[in-house]
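Peer 1: just need the structure, nothing else, for what follows:
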Amino acid sequence: MNQLYQKGMTIKSLRVYFEPYFAGMPRPTANKTFFFLLAILSMQGIQSVRFLYTWFLKRIDTSGLNSYYYLLSQGKISRSLLNQITVRIALS
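Peer 2: Reported below is the predicted structural model:
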């Protein structure tokens with residue numbers, strides 16, 4: 001990860017905030033998921049995975065575009081689990 005993102009207080013705070021989403025994920029999957037969420041927040045939405053990769057992800061991560069497609073297509077991120085965690089965070 002780019003040094004700017006490692007040292008930024010905002011990035012550290014976001015990482016801590018999103019940490020419950022990464023419970024049970026292997027570290028590389030958690031990092032890619034965090035980068036993907038960070039890209040969505042930075043670009044204010046999702047036009048496409050390619051758009052996020054072109055304008056944000058390839059600047060902060062050395063992984064290729066196919067690794068993000070693989071992350072999303074292989075079900076490594078459970079949508080129902082993400083929904084449960086989001087509700088738990090919102091209610092706390």
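Peer 1: ok, residue 49 - contacts?
Peer 2: Neighbour list for residue 49: 65, 68-69, 72 [criterion: C-beta atoms under 8 Å, 6 or more residues apart in numbering]. For every residue, glycine as well, the C-beta is placed using N, CA and C.
Peer 1: cool, residue 53 as well?
Peer 2: By C-beta under 8 Å, 6+ apart, the residues touching residue 53 are 39, 65, 68.
Peer 1: quick check, pLDDT for the closest residue to the last one other than its chain neighbours.
Peer 2: Closest residue to residue 68 apart from its sequence neighbours, by C-beta to C-beta, 6 or more residues apart in numbering: residue 49 at 5.5 Å. Residue 49 carries a pLDDT value of 90.
Peer 1: hmm, back to that, any chance of the contacts of residue 53 in a markdown table, plus neighbour count?
Peer 2: Shown next, in a markdown table, are the contacts of residue 53 (neighbours: other C-beta atoms under 10 Å):
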| residue | neighbour count |
| --- | --- |
| 39 | 21 |
| 65 | 14 |
| 68 | 22 |
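Peer 1: list just the nearest of those to residue 45.
Peer 2: residue 39 (10.1 Å; C-beta to C-beta).
Peer 1: so the closest one makes contact with residue 51?
Peer 2: No - with contacts counted by C-beta atoms under 8 Å, residue 39 stays clear of residue 51, the gap being 9.2 Å.
Peer 1: what's the nearest residue to residue 22 if we skip its chain neighbours?
Peer 2: Using C-beta to C-beta, 6+ apart and skipping residues adjacent in sequence, the residue nearest residue 22 is residue 30, 3.8 Å away.
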